[in-house]
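> Sequence and predicted structure below; questions after.
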Amino acid sequence: MVYGLANNYSGTKAGLPNYGISPGSLFIIAGSELATSSNTAEAFPLTTTLNGTSVSVTVNGVTTRPTLYYVLPTQIGAVLPEATPIGTGTLTVTSSAGTSQPAPIQVVQSDFGILTDNGAGFGPAAAFDTNYTRITVSHPATSGQLVVFWGTGVGPDPKNDDSTEPQHTNNLTNIPMQVYIGGVSATVYYKGRSAYPGVDELFVYVPSGVPTGCYVSVVALSGTITSNYATIPVAPKGGSSCTDQISILSEYQALIGESSSSAATFATIEIDSQTKQTATGTTTSSGASAQFKTLNAVQIYSELFSDHWISLGNCIVDQGNSAGAPTVISAGPNLTLSGPGGEQASFNYSPGHSPAAYTITLPGSFIPSAGGTFMVHGAGGGSGAQIGSFNASVTIPPAITWTNMDASSNIIEPQGFTLNWTGGTSAGIVAISGDSTGSAGIDVKFECLASAASGTFTVPPEVLLSLPNTTSSASLGIAGLEHPAIFSAPGLDFGFIYGGIASLTSLANYQSSAAAVPQLQSISLQSSQASSGASVQGTVVLSSPAPSGGITVELSSDSTAVTVPSTVSVAAGATSAAFTASVGTVTATQTVTIKATYATVSVQTTITVNPLTGVDSYNGSYTGSYSGTRGGNPLSGSIAATVDDGTVTVNQPGNGSGSITATGQISFGVDVTSGVSCSFTGSVVLMGTGATGSGNFSCASANASGTWSVTRQ
């Protein structure tokens, strides 16, 4: 059974916008029962069958057979033939156990994967100078230097056979590809095969103006398809080693040296307060966490990348790749946090829990908006503790203000996105982080670190294009930080503490293209004619679905004979909305125009309003009074009644009923008081759009009589 396919070096997952397998690239097939025996000899020339296992790919009716580097029961390393068409198709694996069910394959022209030191598709790149000396912290790249990146997925080279070694090193200039180092566009000198089938090289000049540091970002862009993100050390021109404005990066590189360590103990402590904008309001939460862990030789390479620490002025993307879970270790059960006002809190300790064994939920006042100095004390000791006592302190700067948060509801990835803020210290850092979950259910994150003093930073398109179009959830936030502080403890190789005050919105929306701007298309009414007093349903229609947040359409009527609401809202994703038009009373037929307006577009419709005729002309609600005598004593009260299609319904002074004729003759009976039934007679006279009625009443059983009058409301 085939579980999935991926670029051998990027590991990008199916369903992400930068997923695909390009012809001529080395890719892996993961599954079960893929081969009945293993062969990892990787002998040249590569063949299409290895230990009885073969692979078949069919795209657009064309079937090709990849050459194989190795086969295992759970994984196959293969090279997709150069002649494989672009498009979607199927892949099957055949062994002596049978042929697998077809698995989907998406073939794209170019989708480069950068080889990284940890082999997991993130962290420091396996980069070289033109003498094939490794680019390292003690041998960094510099501006103008030609650097070699290894990987796979440049694209098809019809002059190669995917089998022999060496391959032809043809510069595939026909394939559009751009490389960004530190967010600066770099010139690509060569892109094509190395000597090995499926393995490519990019020769790239480090551009001038690139930010320097030990963790400068690198990404390749094929059209709109991004590679995985990696880093390289870059020194100022003429420099022989990298240094970082963020001191922990330089110190960490000094610790691991040339990565000869086989294991290291590592600790991070984070303290933060977060104000979050949601669809239902704003919430604030504060807390702290601490992790103590042992890293293996592979994890050492990329630990800071995993924690999203990079050189200032850079961005990275985290696609969820992993170098394996570190081993969680203990600093004992007693960790406490002190605040700037003398506040105290104790960490909750969960032995063996990953990723954070120590956590605190803090009251809102613990981290004031003015910031302050915080200290974490570890007492050491306790059963199984591997880390001794320590004190770690950090300063949290005053909160910064994100001034254009609302703009994040419509982020168009190819345009990049600029964040602006006020506040921050002269030497401070602003961490910008975001994520998006698309239709495949995979959450992709990014992080950028900028100088707080700049007040602005643009997240570049090549970062945002790595994110899936938002379909379920997304966020974007900024946090003001001071530089992390390093601390030491017995048994600890490297530890640092940092903290900040963050502003975050969960209403961010990332899209690869701008949604079509809806136009107001039409307005209609359920009926083109109506009589006085009627209600008519109306509808406004858009040319395309309303964007996030919906839109508001203005409504108006050119006559008081028909009233409409001033606005009607079309919900996000909807193309229409309904409203009600209320028809008043007219004495002559009248044509009324109803207009709808959105942006600069107006549309209209008309309705003919007819006066009521015959008995219907008296329809409406009437109020008035009666007065008279009962046995020589005064008798009076209020009248409330309605007339509809010749029927009179009385609600006051009691419940009663009656009728009215087409000439306005009216009669009704009602109890004026309990047990006193009276007969009311008279006439109703129409006057323009109004109507008045009057007459006499008598109550024979109670020796009562008098007069009454009403007016139509």
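Nice, thanks for sending it over. Note that the structure is a prediction, hence the values are computed from the model and not measured.

> can you map out the helices along the stretch 101-250 of the chain?
All helices of the stretch 101-250 of the chain, identified by DSSP state H, counting those that start in this stretch, fall at 247-256.

> Dihedrals phi and psi, Cys175?
Quick fix: residue 175 is Ile, not Cys. Phi and psi for Ile175, reported as degrees, to the nearest 10, are phi -100, psi 120.

> Grab the nearest non-local neighbour of it.
In space, Ile175 comes closest to Gly155 once its chain neighbours are excluded; the distance is 4.2 Å by C-beta to C-beta, 6 or more residues apart in numbering. Backbone N, C-alpha and C define where each C-beta goes, glycine included.

> since we're on the one you found, how many residues are nearby?
Using other C-beta atoms under 10 Å, the number of residues around Gly155 comes to 24.

> what are the ranges of the strands in the stretch 601-713 of the chain?
Secondary structure of the stretch 601-713 of the chain (DSSP state E, counting those that start in this stretch): strands at 601-610, 620-630, 633-644, 647-652, 656-660, 665-673, 676-687, 690-699, 704-712.

> Pull out the buried positions in the fourth one.
Neighbour-count burial for strand 647-652, with 16 or more other C-beta atoms under 10 Å as criterion, is recorded at Val648, Val650.

> next one: the shortest one
Neighbour counts using 16+ other C-beta under 10 Å place Gly656, Gly658, Ile660 of strand 656-660 among the buried residues.

> what's the distance between the last one and Thr689?
For Ile660, the distance to Thr689 equals 18 Å [C-beta to C-beta, to the nearest Å].

> cool, and Ile29?
81 Å.

> care to break the protein down by domain?
Domain assignment for the chain, taken from automatic domain parsing, gives 2-107, 121-151+162-235, 247-511, 520-610, 614-712.

> With distance to Ser241 added, can I get the ones you listed in JSON lines?
What follows is these, written out as JSON lines (distance: least, C-beta to C-beta, whole Å):
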{"stretch": "domain 2-107", "distance to Ser241": "27"}
{"stretch": "domain 121-151+162-235", "distance to Ser241": "6"}
{"stretch": "domain 247-511", "distance to Ser241": "9"}
{"stretch": "domain 520-610", "distance to Ser241": "48"}
{"stretch": "domain 614-712", "distance to Ser241": "90"}
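
> Turn the ones you listed into CSV, columns for mean pLDDT.
Output for the domains of the chain, formatted as CSV (pLDDT from 0 to 100):
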stretch, mean pLDDT
domain 2-107, 97
domain 121-151+162-235, 96
domain 247-511, 91
domain 520-610, 92
domain 614-712, 91
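
> among the ones you listed, which is the most enclosed?
The highest mean neighbour count among these, using mean count of other C-beta atoms under 10 Å, belongs to domain 121-151+162-235: a mean of 21.

> my read: the residue nearest to Ile175 touches Thr84, true?
No: if you go by C-beta atoms under 8 Å, Gly155 and Thr84 don't touch, sitting 11.3 Å apart.

> and for the two, which residues touch both?
Taking C-beta atoms under 8 Å, 6 or more residues apart in numbering as the contact rule, Gly155 and Thr84 both touch Pro23.

> Geometric centre of the chain: which residue is closest?
Ala474 (2.3 Å; C-alpha atoms, centre = their mean).

> so which strand or helix has it?
Ala474 belongs to strand 473-481 when elements are defined using DSSP states H and E.

> Tell me the helix or strand right after that strand.
Counting by DSSP H and E, the next helix or strand C-terminal to strand 473-481 is strand 485-487.

> what about stretch 647-661, start to end distance?
9 Å (C-alpha to C-alpha, to the nearest Å).

> how far is that stretch from where the chain is centred?
61 Å (C-alpha atoms, centre = their mean, to the nearest Å).

> Name the residues that touch it?
Residues from elsewhere that reach stretch 647-661, judged by C-beta under 8 Å, 6+ apart: 615, 618, 626, 637-643, 646, 666-673, 680, 684.

> rerun that using 6 Å as the cut-off
618, 637-638, 640-643, 646, 666-672 (C-beta atoms under 6 Å, 6 or more residues apart in numbering).

> Also stretch 263-278?
Under the contact criterion C-beta under 6 Å, 6+ apart, stretch 263-278 has outside partners 283-286, 288-296, 300, 367, 374, 376, 392, 492-495, 497, 499-506.

> returning to what we had before: let me know which of the domains of the chain is the nearest to Ile114.
Proximity to Ile114 (C-beta to C-beta) singles out domain 121-151+162-235 among the domains of the chain, at 4.6 Å.

> From one end of the closest one to the other, what's the distance?
By C-alpha to C-alpha, the extent of domain 121-151+162-235 from end to end equals 23 Å.

> Please report how far Arg630 lies from Thr681.
18 Å.

> Next, Asn469: secondary structure please.
In three-state terms, and counting by DSSP: H, G, I helix; E, B strand; the rest coil, Asn469 is coil.

> So what does it look like in phi/psi?
phi -60, psi 130.

> That one reaches Gly438, doesn't it?
Yes: between Asn469 and Gly438 a contact is recorded at 5.4 Å, counting by C-beta atoms under 6 Å.

> nearest residue to Gln299 other than its sequence neighbours?
Ala323 (5.0 Å).

> Look at that neighbour and give its secondary structure.
coil.

> residues in contact with it?
Asn118, Ala120, Val298, Gln299, Ser302.

> where along the stretch 351-500 of the chain do the helices fall?
461-464.

> and the residue nearest to the centre of the chain, what are its bridge partners?
Taking DSSP bridges as the rule, Ala474 bridges to Ser436.
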